[in-house]
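**Q** Quick one: sequence and predicted model below, then my questions.
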Amino acid sequence: MGHTLFAPNAMIKLHKHDLPDGIDFGPVVAIDTETMGLDPRRDRLCLVQLSAGDGNAHCVQIIPESLGGRGADCPNLKALLTRPDVVKLFHFARFDVAILRAALGIECAPVRCTKIAAKLVRTFTDRHGLKDLCRELLGVEISKQQQSSDWGAPELTPEQLAYAASDVLHLHALWAKLEGLLRREGRLELAESCFRFLPARGQLDLLGYEDPDIFSH
C-alpha cells in the first residue's frame, strides 16, 4: 500500500510497512534512513529510502505495532538489506547500519559509505556533508529544510518525501566521483577495509562503546 509522488525529475514511491514484491535495485542500492533522533539505542526508525541510481526513489515507512503498523515485519526490505550480492551505498553508514540493526534485527552488509570515502581523499577540507559533496562534486544543490521535521508522523508530507528522496538520488553519482579519487590517491583498498568494519562499528555504538572509544589509549 502506498502512493506515488512526482518530484522534479524524479518519481518517489511511498510504501507502508515493506517493499512490494519484485522490485530490483540492481547490484548497488543507495539507502538512507529517517529517525526520531540521532541515538540508535533510543530513537525509532521511521523511514527507509532506497534508489537504484535511476533518478527514482522508494520510501518504506516503518510504523510500530503500537500505532497500528507492522513494526519490524518487513521481509522484503530485510531480504534486500542482507543480500550478500547487493552493495548497500550510504552517506554516514555508521549510523544507518546501527539503527537498522536496532530496529530490524539485521546486519546490513556489504556496505559503502560516501562520507568515509570523502574523508579519506578530501583532506583539504572539513566539508564532508552530503549537501557540500553534492554541490562541490556534482554541481547539485539539495535542500536540508525538512531534516529536523517529525518523521514519526502517521502521514508524511510531500516536502518530507522529496527531502528524504534527495538523500539517495545522487549517491551513485557521488560514489563514482569518490571512487575515482580513491583510486587516484591509492586509498581504495583502505576504504574497502573501513567499509567491511562498519557493521561491527554499528554494533559497538549500540553497546555504548562510542565513549569510551575502545581504540583510544
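**A** Alright, I've got the coordinates. Numbers count the residues shown, from 1 in each chain.
**Q** measure the most centrally placed residue in the chain to residue 188 for me?
**A** Nearest residue to the geometric centre of the chain (CA atoms, centre = their mean): residue 32, 2.1 Å. Taking CB to CB, to the nearest Å as the measure, residue 32 and residue 188 are separated by 23 Å. Backbone N, C-alpha and C define where each C-beta goes, glycine included.
**Q** same question, residue 177
**A** 13 Å.
**Q** do residue 12 as well
**A** Applying CB to CB, the value for residue 12 to residue 188 is 32 Å.
**Q** These two: who's more crowded?
**A** residue 12 (22 against 18; other CB atoms under 10 Å).
**Q** beta partners for that one?
**A** Here residue 12 shows beta-bridge partners residue 5, residue 57, assigned using DSSP bridges.
**Q** so how many other residues sit close to the closest residue to residue 144 other than its chain neighbours?
**A** Spatial nearest neighbour of residue 144, excluding adjacent residues (CB to CB, 6 or more residues apart in numbering): residue 131 at 5.8 Å. If you count neighbours by other CB under 10 Å, residue 131 ends up with 16.
**Q** How about residue 18?
**A** Quick note: residue 18 (other CB under 10 Å) scores 20 neighbours.
**Q** Now do it, the pLDDT please.
**A** On pLDDT, residue 18 comes in at 98.
**Q** Return the residues in contact with it.
**A** If a contact means CB atoms under 8 Å, 6 or more residues apart in numbering, then residue 18 has 60, 70, 73, 74, 75, 76, 77 as its contacts.
**Q** for the residue nearest to the fifth one when sequence neighbours are not counted, helix, strand, or coil?
**A** Nearest-residue entry for residue 75: residue 18, 6.7 Å, with adjacent residues in sequence omitted and distances by CB to CB, 6+ apart. The assignment at residue 18 comes out as coil when based on DSSP: H, G, I helix; E, B strand; the rest coil.
**Q** where does residue 18 sit relative to residue 73, distance-wise?
**A** For residue 18, the distance to residue 73 equals 7 Å [CB to CB].
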